[in-house]
Every structure is written in C-alpha cells, then in structure tokens.
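Asker: My questions concern the predicted model and sequence given below.
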Amino acid sequence: MSEESRVHLSRSAPAAYEALAAFSKTAGQLAREAGIDPRMAEIVQIHVSQRNGCAYCVRVHVDRAVKVGLDADTIAQIPTWRESGVFSERERAALELAESFVYIHDGGVSDEVYDRVGGVLAEEEYVALSWLLVSINAFNRVAIAGRYPVPARDGHA
C-alpha cells in the first residue's frame, strides 16, 4: 500500500479525531490549572514524540515550544536530558514520568519513578501531567499509524 492510499484516520473518522482533540484540550486545561507551565508541557510532548518516533508530532510541538520561548539549545538537549544541565528539577521529574508513559508496557510507572516524581510534583500536577502524556501518546499513534508526512520546510533540503 502506498502512503498516498493509506487511510488517514483523522479524515476518515473526523468525529473520533475531534473527540481526541477535545480530550487533548481538556488535558491541556488541566495542566495549566495545575501549574504545569507551557515550557514543561512542550518539553515533555516533544520528548514523548521523539521516543515514540513521531516526526509529525515532534514538528508540531517544537513549533509550539518556540512560540512559548524555548530556544534551540534547550530543544536540542531534550533527548539527553539526564546529562544536560538546562532543565529544572521539575522538568527532569516530568521527563522521567514521560518516559514511563512511553514505555508503559514495561511494567507501568515504577514505584521508584512514582516516588521520585511525587517528591517533586504535587499530586494535582502529577495527575494533570499524566493526562497530558496520555494525550500525546494517543496523538503519536494516530500520526505514526497514518504515516503523517513531515516534508522539508521551504528553503531546507
């Protein structure tokens, strides 16, 4: 099957996609109300998308990250967050939780991660961040399954 004839889930079942988009909007609102700042939200969504191999969502969230003030150096450091000094303790906790959600099939969120993250983030923040992570993982699966294209931008080969 060519990519041109591949089913595009969001176009083929718009009601389901709109429900997912509404869920994502709710998760984003929960995150804002819980004090998850836009910088942290975009950092974890980029990282989840990177780990899942979703180029489409990486592009979307890098663009959003730039709009909320992240610079190229910070964005470039996301895959190496454990070795990098550019992330706050809260962001590091969020990144660790994000990886647990990507690899949820590997035993869920371990007690060690839960305790470490819970020692940094309040329960309301943990809950809101978790819903944000559920949302981006779902969008990654839609885009990856549909092989959503990520063409070169104008002026870039």
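Answerer: Alright, I've got the coordinates. Quick caveat, the model's predicted, so the values are computed rather than measured.
Asker: in the chain, which spans are strands?
Answerer: Shown for the chain, no strands are assigned by DSSP state E.
Asker: can you list the weak-confidence ranges in it?
Answerer: Applying pLDDT under 70 to the chain flags residues 1-5, 155-157.
Asker: Identify the residues contacting Ser84.
Answerer: Residues near Ser84 by CB atoms under 8 Å, 6 or more residues apart in numbering: Gln77. No exception for glycine: its C-beta is placed from N, CA and C like everyone else's.
Asker: May I have the phi/psi pair for it?
Answerer: Main-chain torsions, Ser84, degrees, to the nearest 10: phi -90, psi 150.
Asker: which ones are touching the spatially most central residue of the chain?
Answerer: Note on the chain: the residue nearest the mean C-alpha position is Gln45, at 1.8 Å, using CA atoms, centre = their mean. Residues counted as contacts of Gln45 (CB under 8 Å, 6+ apart) are 57, 61, 64, 132, 136.
Asker: From Val113, how far off is the last one?
Answerer: Meaning Ile136. According to CB to CB, to the nearest Å, Ile136 stands 18 Å off from Val113.
Asker: With neighbour numbers in mind, choose between these two.
Answerer: Ile136 (26 against 15; other CB atoms under 10 Å).
Asker: and the longest helix along the chain, what does it pack onto?
Answerer: Assignment by DSSP state H gives helix 123-145 as the longest helix of the chain. Helix 123-145 sits against helix 9-12, helix 14-34, helix 38-52, helix 55-67, helix 89-102, with contacts defined as 3 or more CB pairs under 8 Å, 6 or more residues apart in numbering; DSSP states H and E.
Asker: so which of these is the most packed in?
Answerer: Compared across the helices and strands packed on helix 123-145, helix 38-52 shows the largest average neighbour count, a mean of 23 (mean count of other CB atoms under 10 Å).
Asker: between that helix and helix 55-67, how many degrees?
Answerer: 160 degrees (axes from the mean of the first three to the mean of the last three CA atoms, to 10 degrees).
Asker: Helix 38-52 to helix 89-102, inter-axis angle?
Answerer: Between the axes of helix 38-52 and helix 89-102, defined by the same axes, to 10 degrees, the angle is 30 degrees.
Asker: can you give me how far helix 38-52 is from the chain middle?
Answerer: Averaged C-alpha coordinates place helix 38-52 at 4 Å from its chain's average position (CA atoms, centre = their mean, to the nearest Å).
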